[in-house]
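Chemist: model this:
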Amino acid sequence: MRTCLLLCLIACGSSTKVAPPAEPSAAPPAVPASASPQSATAEPATGTPRYDATTFFDTVRMRGASFSHDGTRILVSSNATGVFNVYAQPVAGGAPAQLTKSTTDSNFAVSFFPADDRYLYSVDGGGNELTHICVAELDGTAKDITPGDKVKAQFRGWTKDRKAFYIATNERDPKFFDLYRYATDKYTRTRVFSNEAGFQLGSVSPDGRWLSLTKVINNADTNVLVADLAAKKKAAPKLVTKHVGTVENRAGEFTPDGKKLIYTTDGQGEFTQAWSYDLKSGKSAVEAKANWDVDTLGFSENGKYRLTITNEDARSVLRLETKAGEAVTPKDLPAGDIVDIEIDRNEKQMALYLASDRSPADLYVVDLATGASKRLSSNLSPKINPEHLVESTVVRYKSFDDLEIPALLYKPLDAAPNARVPAIVWVHGGPGGQSRVGYSDLIQYVVNHGYAVLAINNRGSSGYGKTFFHLDDKKHGDVDLKDCVFARKYLASLDWVDGGHVAIMGGSYGGYLTVAALTFEPDAFDAGVDIFGVTNWLRTLENIPPWWASMRDGLYAEMGNPATDKERLTARSPLFHAKNIKKPLLVIQGANDPRVLKAESDEIVAAVKKNNVPVDYLVFPDEGHGFQKRKNNIAFAERAVSFLDQHLKTRR
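Modeler: From the prediction side, this is the model:
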């Protein structure tokens, strides 16, 4: 998968506060699988029930999948209480046991310990992305094993013998992550790699000797290297991906026998392929390729199974096969997007999440011997009838230069030529992100309330080849903005859309394009909803979080260097041209956002107010770059639809 360099709308865990684990409870984070949806009570004249934001966000969000040492439970994260906490889901089915009970900072599951019921989890301070790794002990106490006010930590996996695990932290140098080996008993640790050259850390080989690394040269050129952790004398890492020109390479995992490293590369065509590097011979060979990006190639513990994931037109497609190359097809899985796959150490069962536009990510477990699948959660709010939700349609429209732009179109159930609806152009985060098939509480809520949504994959989006991906390099707020404008024209061509009432909306980089649209194309849209979008590129690029230093050159190649590209960055920063804004704007911001500082939103709101243009502003003091808490997502969704109703529907 191509790197989403700066502003992807993602939910990141991190913190210096440790929430102690609670005694197991029977409170389920998800609706039992046997529950049946109920119809909404509010029924408008159009015929489709309208659900309120609280009902939509009663849908449970889950992530993570780590099997317990005995294979009977799966460690997961769930926001069933309104704040993410850690749960143990029985493989046999039934209600999960709640393990942490934080009411403030989100707690995210990392991994069960391999021989007992201890587990690792991560926590940050209100979305500040300073992630800490904590151990939940058997006696119910919690221990932060990565302390420090400014420390950011990342779990990097277990050793083959499971007597230790790896964690990367930036405590020695805020800019770079070093790798530490922690003992499983007393958590004593040893630094095994000092990262002094700005590498991105990959995986450690099963024998503990090799560490894979990625070195960013620019946003189109990266190298994969391996460092010998067992070398008696310090030596420079060995280059794996020798090449001429610009090629993007990314380190993957080592094969179970430790003889080869898997990596992805776009050096052989438009799309990324999975290749292997033989550590002894130094030879590379292709392992998997397709007419789409190969995002992942991985293996079960001892190599009995191999899985490949490709990104096919905004949806992940899984291919599972045995070591002998025989396909393994799980039974009874509905169609959808498969994510978060985990095969247990005994290679007997596989956990995965499956989502679709009308169904949030639900946890399934697959018996690998028989292929039988079991659904362990039913996360859609029981008050919502899935028949009232909308499936997206993959469409393509032509932009200003006849380039075809892929997009996902959501049509309200009641929309028709004699009942035209207003519309929203939705822009994803990035640059380099992708609007993908899958459940979105926010999009479904907006569509349910009578708005068409066109979630575009403007040029520069990932998933459509490297040429498409780089078409917006140092052209942000220009060619990609024109793709947004032509998205409106496409919507206006649909006989069931009210083409005279169209807004633009997006998060993170999509928030930037929202404000850029109102600034540089002031007549193109009728309103905008900006979710923590950049408005001053100079400040954003000068204040990137220190732990992003390994990607700095890539960021500058993509966006521009504030020291040398000041004139262009100023020209495409909405803040310096805010006098042009004349259409209503809603701005949403997390106070703890380390990527897009709150000052960005403060200043654009103040500037628009000077224009005597309607502007609304909502700040969450306990959120960062992406909103985790249910109450905040409800407040945000309600404010957004109220704003859209006021400026698109009441003026029709």
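Chemist: which secondary structure element contains the residue nearest to Phe525 when sequence neighbours are not counted?
Modeler: The shortest distance from Phe525 to any non-neighbouring residue, by C-beta to C-beta, 6 or more residues apart in numbering, is to Ile504 (4.6 Å). For glycine as for every other residue, the C-beta is placed from the backbone atoms N, C-alpha and C. For Ile504, the enclosing helix or strand under DSSP states H and E is strand 497-507.
Chemist: State the mean pLDDT of that strand.
Modeler: The average pLDDT for strand 497-507 rounds to 97.
Chemist: Give me the angle between the very next helix or strand once past that strand and strand 497-507.
Modeler: Once the chain leaves strand 497-507, the next helix or strand it forms, by DSSP H and E, is helix 509-520. Calculated by axes from the mean of the first three to the mean of the last three C-alpha atoms, to 10 degrees, helix 509-520 forms an angle of 120 degrees with strand 497-507.
Chemist: Just name whatever secondary elements helix 509-520 is in contact with.
Modeler: strand 421-427, helix 479-492, strand 497-507, strand 528-531 (3 or more C-beta pairs under 8 Å, 6 or more residues apart in numbering; DSSP states H and E).
Chemist: Please identify the pairing partners of the third one and their relative orientation?
Modeler: Which is strand 497-507. Neighbouring strands of strand 497-507 in its sheet, by DSSP bridges, are strand 421-427 (parallel), strand 528-531 (parallel).
Chemist: give me the beta-bridge partners of Ser111?
Modeler: Leu120.
Chemist: give the contact list for it.
Modeler: Going by C-beta atoms under 8 Å, 6 or more residues apart in numbering, Ser111 touches Ser66, Leu75, Tyr119, Leu120, Phe155, Trp158, Phe165.
Chemist: Next one: it from Ala355, what distance?
Modeler: Noted for Ser111: a distance of 22 Å to Ala355, by C-beta to C-beta, to the nearest Å.
Chemist: likewise Glu321?
Modeler: 23 Å.
Chemist: list the buried ones in stretch 164-178?
Modeler: Ala164, Phe165, Tyr166, Ile167, Ala168, Thr169, Asn170, Phe176, Phe177, Asp178 (16 or more other C-beta atoms under 10 Å).
Chemist: swap that for stretch 185-201, please
Modeler: Arg189, Val192, Phe193, Asn195, Gly198, Phe199, Gln200, Leu201.
Chemist: Just send those back as JSON lines, with distance to Asp337 and pLDDT too.
Modeler: As requested, the buried residues of stretch 185-201 are exported to JSON lines (distance: C-beta to C-beta, whole Å; pLDDT from 0 to 100):
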{"residue": "Arg189", "distance to Asp337": "37", "pLDDT": "97"}
{"residue": "Val192", "distance to Asp337": "36", "pLDDT": "97"}
{"residue": "Phe193", "distance to Asp337": "35", "pLDDT": "97"}
{"residue": "Asn195", "distance to Asp337": "34", "pLDDT": "96"}
{"residue": "Gly198", "distance to Asp337": "34", "pLDDT": "93"}
{"residue": "Phe199", "distance to Asp337": "31", "pLDDT": "96"}
{"residue": "Gln200", "distance to Asp337": "26", "pLDDT": "96"}
{"residue": "Leu201", "distance to Asp337": "28", "pLDDT": "97"}
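Chemist: domains of this protein?
Modeler: 21-40+50-141+300-380, 390-649 (automatic domain parsing).
Chemist: Mind picking the two most distant members of the buried residues of stretch 164-178?
Modeler: Ala164 and Phe176 (22.0 Å; C-beta to C-beta).
Chemist: Distance check, the residue nearest to Phe525 against Leu518.
Modeler: 8 Å.
Chemist: Remind me what the helix or strand encompassing Arg539 packs against, helices and strands.
Modeler: In the assignment (DSSP H and E), Arg539 maps to helix 537-542. With contacts taken as 3+ C-beta pairs under 8 Å, 6+ apart, helix 537-542 sits against helix 552-559, helix 566-571, helix 598-609.
Chemist: Surely Met102 and Val83 touch.
Modeler: To be clear, residue 102 is Ser; Met isn't right here. Yes: Ser102 is within contact range of Val83, at 5.7 Å (criterion: C-beta atoms under 8 Å).
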